[in-house]
Structure formats: structure tokens, C-alpha cells
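Student: When you get a sec, could you give me coordinates for this:
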Amino acid sequence: MEKIKVAVMFPLDRMQREELEEAGADRCEWHYIDDTMTREARLDILREAEIVMGQPGLREIRQCPRLKWIQMGWAGTDIYTSREGFPREILLTNARGCFQVVIAEYVMAVLLSLCRRLKAYAGQQSEGLWNPLGEETLLYGKRALILGAGDIGTGVAKRLKAFGVHVTGMRRTDRNYPDCYDAMVTTDALDRELPLADIVIGCLPETPETKGLLDIRRLCMMGPDAFLINVGRGSLIRTDELVEVLEAGHLGGVALDVVDPEPLPADHPLWKMEKVILTPHIAGQSFGYSKDTENRVVQICCQNLERYLNGRELLNKVDFDTGYVSE
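Tutor: Numbers count the residues shown, from 1 in each chain. Okay, the predicted model is just below:
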């Protein structure tokens, strides 16, 4: 029996490769793509593959006549679902469930930094200044609104609850939500909920419905001292309108791991705003950043490979009509 050719684009270590190859038993032929390869050598491997684990470019995908399934190592799928040209006959699965811990910890890190004014104190430290800045904010007793109450949003909710925060989630449906939420609403309640929230956290994927959802009108609906954090996609917030709102003295603090455009130009005013924390899309990094998250990605690859080889339904199949994982 001819073996199934699998192209792996993740930089796996020896143990991760062994785990993946064990899941494929003796039915797969493995080819590993790394950054030292020429474009031609990389494409030669992809053209022969039935399965690709990684994120090949759309142009590469169109040159892969044998390709039947792509297992992404990311949760976000907009590189395919927000653009035309992805062949719908190819199965697409993502790594949903692998980033709950790492992104939730990032959210808590920047949120606590905003509350305790750690950015300002870091600036004082660099100047040798011992100068208490006065008023700070506690998380205890605050109200948070999580936009996108899926896997990542729920990880954030669990940690906020431990700090005594009242947590409301927002998603497409309000059915059967975990008990780490105090309430669940749908998108049509956004305008009602924004003024009530002390903290707004964006965990949404990029879809036509989420682009520009937080425009200047809605940003101004938030309380004057509210915190805004975005770890979903930069397109959620209209960046220039956010600048306008901040320049007017509205909002207590902002932390952005994703922006639009990305990367943010070096001369953009957000870089120098005192109330803003910016990071270069690292909240949910895995390979080369977090071994725990790397291993979670490898595990979902193994589970889905076994399912594929045995003709079973794959986990985390992406619905191209919505951009979300099918439920």
C-alpha cells in the first residue's frame, strides 16, 4: 500500500517528531520543511503531499494537486477564510484549544500591568526615580466583557473569576455557557453592555461581522476609565479612531497584541502613548516561545491524524461560511 505523504512545516524537536510519526504508524511518509530550504525545494515537497501540517501560502496551496487536508498550528484562520481562492474541497482544521492557557496568561499580565501602572514605574526605574504615582486600580469587584467567549475567552474568564471579577461573555449564541461566566449575551447586546464594563477584552477572529466592531461610537460608549485589551484580531478596532479617543482623554488604559495595520508603523502615535501597552502579536505564540503550547499543537495534530487515517470526523473543522470552527 502506498504511504500517505505528509509535509510538516512546524520546527519540531526530536521527541515531537517521534510522537507525530507514532500517530501515523507505518502508513505515512514524512517530509519536514524548514527555513533553510529553497522555495523550489519547499514547493517540491508540498506538491506531493496529501496532508500538510502548517500554514502554506495560498499560492502554494493552488499548486498542490494531491492536497486533501491542512492542519494549522494556529487558532486564527483568517489567512484563508478572509481571502478568496482557498480550494473548498480541501479540509481545513485549526489548533483551537491549544492557546487558552498562553493567551489567558498574557491577558492577565497586561491587565494587572494597567491596573498597577507598571509601565509608568518601569519608565521611572530607567531614570532612577523613586516616585509613587498614587491612585491604582484593583481587579476585585470589576465587571469584564469578553468579546468572543470561545476557548480563549473562556480561559480568560476562568482567571478573571479567580480575581473576583464579574464576567459577561459575548458570542453568537448564548446557549449552554460555562459557569466561569456570570452572564452570556449575543452581539446585538453589545451597545447595552459596553457602558457597564470596566474591562473589555477582544478575543474574536476576523470575520466580516467583527471588522471594525469597535468603532469610535462604541469606544466612546465605554467608561472614561475603562480598560481595553485585544488579543483576537487587529481589525476589531479602528486604530485611528482609537487614537482619537485616547487623545481626547477617554479610556483608562489599552493593551494591544494585535493591531490594524500589522505591523504598526514605527511613527504611529500609539507607540508613544502613556496609557498604551503594545506587543508584536506574541500573546499566542507557540513554536520557539512556549514548549507547553508547542506540545498542545502536536497533540491535536496526532489526534486528527489518527482520525484521518481511520476515516473518522476531524476535530476543529473550519466552517468557511462563518470563519469559525464548526460545532
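Student: Correct me if wrong: residue 257 contacts residue 276.
Tutor: No: using C-beta atoms under 8 Å as the test, residue 257 is too far from residue 276 to be in contact (11.8 Å). From N, CA and C alone the C-beta is placed, and that goes for glycine too.
Student: more neighbours, those two?
Tutor: residue 257 (24 against 20; other C-beta atoms under 10 Å).
Student: Name the nearest residue to that one, sequence neighbours excluded.
Tutor: residue 283 (4.1 Å; C-beta to C-beta, 6 or more residues apart in numbering).
Student: Ok, residue 25 next?
Tutor: residue 309 (7.4 Å).
Student: how close does the residue nearest to residue 257 sit to residue 134?
Tutor: 29 Å (C-beta to C-beta, to the nearest Å).
Student: Look at these two and report which has more neighbours.
Tutor: Set residue 283 next to residue 134 and count neighbours by other C-beta under 10 Å: residue 283 wins out with 25 against 6.
Student: May I have the secondary structure class of the more buried one?
Tutor: Classification of residue 283 by DSSP: H, G, I helix; E, B strand; the rest coil places it in coil.
Student: pLDDT value on it, please?
Tutor: With respect to pLDDT, residue 283 scores 96.
Student: hang on, it packs against residue 106?
Tutor: Yes: counting by C-beta under 8 Å, residue 283 touches residue 106, with 3.9 Å between them.
Student: shared neighbours of those two, anything?
Tutor: Counting by C-beta atoms under 8 Å, 6 or more residues apart in numbering, the contacts common to residue 283 and residue 106 are 231, 257.
Student: can you map out the strands along the stretch 151-300 of the chain?
Tutor: 166-170, 183-185, 199-202, 227-230, 253-256, 276-278 (DSSP state E, counting those that start in this stretch).
Student: Next, the contact list for the residue nearest the centre of the chain, please.
Tutor: In the chain, the residue lying closest to the centroid (C-alpha atoms, centre = their mean) is residue 232, at 4.8 Å. Contact analysis of residue 232 by C-beta under 8 Å, 6+ apart lists 147, 148, 152, 202, 203, 204, 205, 206, 210, 258.
Student: ok, so of the residues you listed, who is nearest residue 12?
Tutor: In terms of C-beta to C-beta, no member of these lies closer to residue 12 than residue 152, at 23.6 Å.
Student: Can you tell me the number of residues neighbouring that closest one?
Tutor: With other C-beta under 10 Å as criterion, residue 152 counts 29.
Student: same question, the one 4 residues further on
Tutor: Under the neighbour criterion other C-beta under 10 Å, residue 156 is assigned a count of 30.
Student: May I have the helix or strand of the chain with the lowest mean pLDDT exported as CSV, CA atoms only?
Tutor: When each helix and strand of the chain is scored by mean pLDDT, DSSP states H and E, helix 78-81 comes last, with a mean of 90. The C-alpha coordinates for helix 78-81 follow below in CSV (Å, rounded to 0.1, in the frame of the first residue of the first chain):
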residue,chain,number,x,y,z
ASP,A,78,-8.3,34.4,8.5
ILE,A,79,-5.3,33.9,6.3
TYR,A,80,-7.5,31.5,4.4
THR,A,81,-11.1,32.4,5.3
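Student: Just the pLDDT for residue 290.
Tutor: 89.
Student: List the contacts of residue 183.
Tutor: Counting by C-beta under 8 Å, 6+ apart, residue 183 touches 167, 168, 169.
Student: and residue 132, that's in a strand?
Tutor: No: counting by three-state DSSP, residue 132 is not part of a strand but coil.
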